[in-house]
Every structure is written in structure tokens, then in C-alpha cells.
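>>> sequence first, then the predicted structure:
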Amino acid sequence: MTEKFKEVVSRNVWKDNQVLRQILGICSTLAVTNLMLNSLVMGLGLTFVTAFSSLTISLLRNVIPRRVRMIVQTLIISAYVILVDIFLKANLTDISKALGPYVGLIITNCIIMGRAEAYAQKNPPLVSMLDGFFAGIGYTIVLLIIALFREFLGFGTIFGFDVNFIGFETWTIMVMPPAAFFLIGVLIWITSNVFAPGKGKKS
Amino acid sequence: MKKGRIYTIIFMLVISAVFTLLLAGANSYYLPKIRENEQLAEKTAILYVFDIDQSGSASEVLARFDENVKETTVSGVDLYAYTSSDGAPIAYAVPFSGAGLWGTINGYMGVSADLDKITGLVFTSHSETPGLGGRIDELSYREQFKNLKITAGTKLAYGEDGGGQIDAITGATSTSNAVLRILNQLLDDTISQMEEANND
């Protein structure tokens, strides 16, 4: 039986959040979250790629030979990533420039492969696409939360607008990757108490 | 479902062909637009180092570029020249290229026609870390180089060593140093070559 729409949403955005619960996609979370805008575009790019690669893989799930399925998944994912890259270069030059090499790195984001392997391989196309889409949204939300803290404390801005009204000294560490480590750690710590209160491990 | 080896091979061939075609199609469809964007970005960058107004629509920028800037060769160096209406050069945009922290940094340095000051600095492509080394793109960094005096044998340096005129980017030491290395090399080789030719 396929999942209901509501379940797909709540599972991906909250209960089984890719970053907070499954600890996937950490590399890009560390890398792009020093600016809100970069995080948003990265999140949307990933959401698009995950949704469409899940859809495609699910459509092909009965004809892909098992032993080469991972190669096929990678092929499909990279094709969509290159499409995103070409589209950004042609239509959104500034953002394409700001993201630089990170667009290409969407290919290596574990979330896409994770959704393909764990979900799209064995579920019908439409629900797989939704699953991929909301996995991406869940990822985007976490990215934006982390970026909010990092950009505010590191640059004194939010989405590039100066909000440093009291004129505090900005924290250089927040701009650098280690800050994302601290923030992700804190965020996972807080949320894990919500997901599984009183338990060290979810078993 | 078990599938044979031949099926696997044929499947891989077909799916690779389909996706390659799809990408090739998208690429050739968007290529003219991407080239156009790249050219516009390049020309806007050159207008910036000459301190010419870069605002307005794409066609306005291109017209202003054609009106003021010429591609030429000065003492063996290919560059863009900003000429006044009577044809006398006002400034040159000298292209540079060198190793950054992660990849090649390309850009233009604007120098006045008498080669005694920098009129502007711009990077056209780099692969530095966004938010760290990538901040070399920000005006607050690049504007420091504007109107910087250069004389024969000038070595640019950050902080007090360079007379306190330019500062590195905090948290991006390697990229900042790479930029200086590239610029100093440019001053050493290309600019001094032009200077010698000027003096002859």
C-alpha cells in the first residue's frame, strides 16, 4: 500500500528528516550554510533533482537490472544535476556564479541516492516524486535554520540585508565550516530529545 | 526478476544514449544564451575596471563597451584599451590568470595608460569557497585596489607591509595570498614589459 500524502510530508520534513535524523547530506550542509541565499538555492536545486530523479527511477524500477541499479541511479541523478547547472548558467547567472562548484556537487549528495535506493526503487512514481520533493524541502528547512544563525552572527545580515542594528562584532568562526559542525550538533541534540525523549538511541 | 547479461548491457547502452541525447539537446539549446551571458559578464567586468558606468540593459552595456573599449595589443600584450574619442589610450585592462586555492582565478586588472596606478580589479571566474575565498568578488575587497599607486618594482602586500592600503579577507588567507601572488606576478612580468616598451 502506498503512503498517504500527509505521511510523506511529515516523515520527510520532520520525523525522518534527512539531515537531523538520518544524518545525510552533511557535507553540503557544512559548506553552503554561511549565506541564506546560497542555502536556499542549493536546497531548491536539490529538491528539484531529488524529486525528478526519484520519479524517473521509480518509472524505470521494473526494467532496471538489479546488479547495475546504482550505476543507473547515478547516471539519472547526474543528468538532472547537469540540467540544473545549464539552466542556472543560462537564466540565473548571478546565482550560478555564487554557488560555483556546489551545483555539480549536488550529484554526490547522499540524500538523492538514499531516496532512490530506499524509496523510489520499490514505490510507484507519483509518491516517489513527492517523497523526493519533501525530502528536499526538509533538507532546505534545516539548511535555512543553520544559515540564519551563521549569516546573522557571521556577517550581521539576513539574506544580504544588514540587520546588525546594535553593531556587535561579527563572529568570523560562524563563516567558516567548523561553525556548521557546532550548529548541526546542537540542532541534532535538541531535536533528538523531541524525537525520542529520554532515549540515548532510537531502537 | 532475474535478467541476463545481454539485457543488462543493452539496457545500459540505451539509457546512456537517451540521457546523453537529452543533455546534449539541452546544452545546444541553451549554449547561445550561456555564451551571451558570459560575454556580457566579461564586458561588464572590463567596463568596471575602467570605471565606466555598467548600468542599464544588456544592449546598452554592449553599446557602451563598443564605443569606449577596443581589443588591441600593446608591446606584445593582448589587452583591452579604453580610448578617448581622439584615439589616445586612457587605461588598459590586462587579463590575468593564475592558481587560486582550489582552481584557476581569471580576471582583469585595469591600469592607467601611463602605468602608474591600478584603475580597478575584477575576477571573471574562480572556484574559491563561497562565503570565504569567494568574497574576493565583493566590492569591499576589490575596491581596495582601486587607485593604488604602482611604480617599477612595486610589490603589493597586505596590512602594514603594504602601507596599510589593502587588507586580506579574514578566514581566507590562502585565497587572499593567491590573489596577491597572481597580481604581483602580473606586475612583474606583463606590466614591467609594457613599461620597458613605453620607455624605449
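That came through, no problem.
>>> end-to-end on stretch B:144-155?
Taking Cα to Cα, to the nearest Å, stretch B:144-155 runs 15 Å from one end to the other.
>>> around residue A:153, how many other residues sit close by?
The number of residues packed near residue A:153 is 18, by other Cβ atoms under 10 Å in any protein chain shown. Using the backbone N, CA and C atoms, a C-beta is placed for each residue, glycine as well.
>>> mind telling me what element it is part of?
Here residue A:153 is covered by helix A:125-155, with elements defined by DSSP states H and E.
>>> could you give the average pLDDT over that helix?
Averaging pLDDT along helix A:125-155 yields 91.
>>> so which elements touch the worst-scoring helix or strand of chain A on mean pLDDT?
Here the helix or strand of chain A ranked lowest by mean pLDDT, DSSP states H and E is helix A:93-99, holding a mean of 75. When contacts are defined as 3 or more Cβ pairs under 8 Å, 6 or more residues apart in numbering or on different chains; DSSP states H and E, helix A:93-99 packs onto helix A:36-59, helix A:69-91, helix B:5-49.
>>> nearest to residue A:155 among those helices would be which one?
helix A:36-59 (9.8 Å; Cβ to Cβ).
>>> for the closest one, what is the distance to the chain centroid?
8 Å (Cα atoms, centre = their mean, to the nearest Å).
>>> which residues of chain A lie near chain B?
Residues of chain A lying near chain B by Cβ under 8 Å from any Cβ of the partner chain: A:31-32, A:34-35, A:38, A:60, A:62-68, A:71-72, A:75-76, A:79, A:82-83, A:86-87, A:89-91, A:93, A:97-102, A:172, A:175-176.
>>> which bits of chain B sit near chain A?
B:1, B:3, B:7-8, B:11-12, B:15-16, B:19, B:22-23, B:26-27, B:30, B:33-34, B:37, B:41, B:102-103, B:126-132, B:134, B:137, B:170-171.
>>> now residue A:160: phi and psi?
Backbone torsions for residue A:160, taken as degrees, to the nearest 10, come to phi 90, psi -10.
>>> what mean pLDDT does the lengthiest strand in chain B have?
As assigned by DSSP state E, the longest strand anywhere in chain B is strand B:89-99. Mean per-residue pLDDT for strand B:89-99: 90.
>>> in whichever helix or strand comes after that strand, what's buried?
Per DSSP H and E, the first helix or strand lying C-terminal to strand B:89-99 is strand B:104-112. Under the neighbour-count criterion of 16 or more other Cβ atoms under 10 Å in any protein chain shown, strand B:104-112 has B:105-112 buried.
>>> and for stretch B:34-45?
B:34, B:37, B:40-45.
>>> what does it rub up against?
Under the criterion Cβ atoms under 8 Å, 6 or more residues apart in numbering or on different chains, residues A:86, A:89-90, A:93, A:97, B:54, B:58, B:61-62, B:65, B:69, B:107-108, B:122-124 lie in contact with stretch B:34-45.
>>> contact partners for the most centrally placed residue in chain A?
In chain A, the residue lying closest to the centroid (Cα atoms, centre = their mean) is residue A:139, at 3.5 Å. Listed by Cβ under 8 Å, 6+ apart, the contact set of residue A:139 reads A:17-19, A:25, A:29, A:43, A:46-47, A:111.
>>> let's go with 6 Å and repeat that
Counting by Cβ atoms under 6 Å, 6 or more residues apart in numbering or on different chains, residue A:139 makes contact with A:18-19, A:25, A:111.
>>> out of the residues you listed, flag the one nearest to residue B:75.
Using Cβ to Cβ, the contacts of residue A:139 come closest to residue B:75 at residue A:25, 52.7 Å.
>>> how many residues are close by that closest one?
For residue A:25, using other Cβ under 10 Å, the count is 27.
>>> next one: it, what pLDDT does it get?
pLDDT, read off for residue A:25, is 84.
>>> what about the closest residue to it other than its chain neighbours, which helix or strand?
Leaving out its chain neighbours, the residue that sits closest to residue A:25 by Cβ to Cβ, 6 or more residues apart in numbering or on different chains is residue A:111, at 4.4 Å. Residue A:111 belongs to helix A:110-115 when elements are defined using DSSP H and E.
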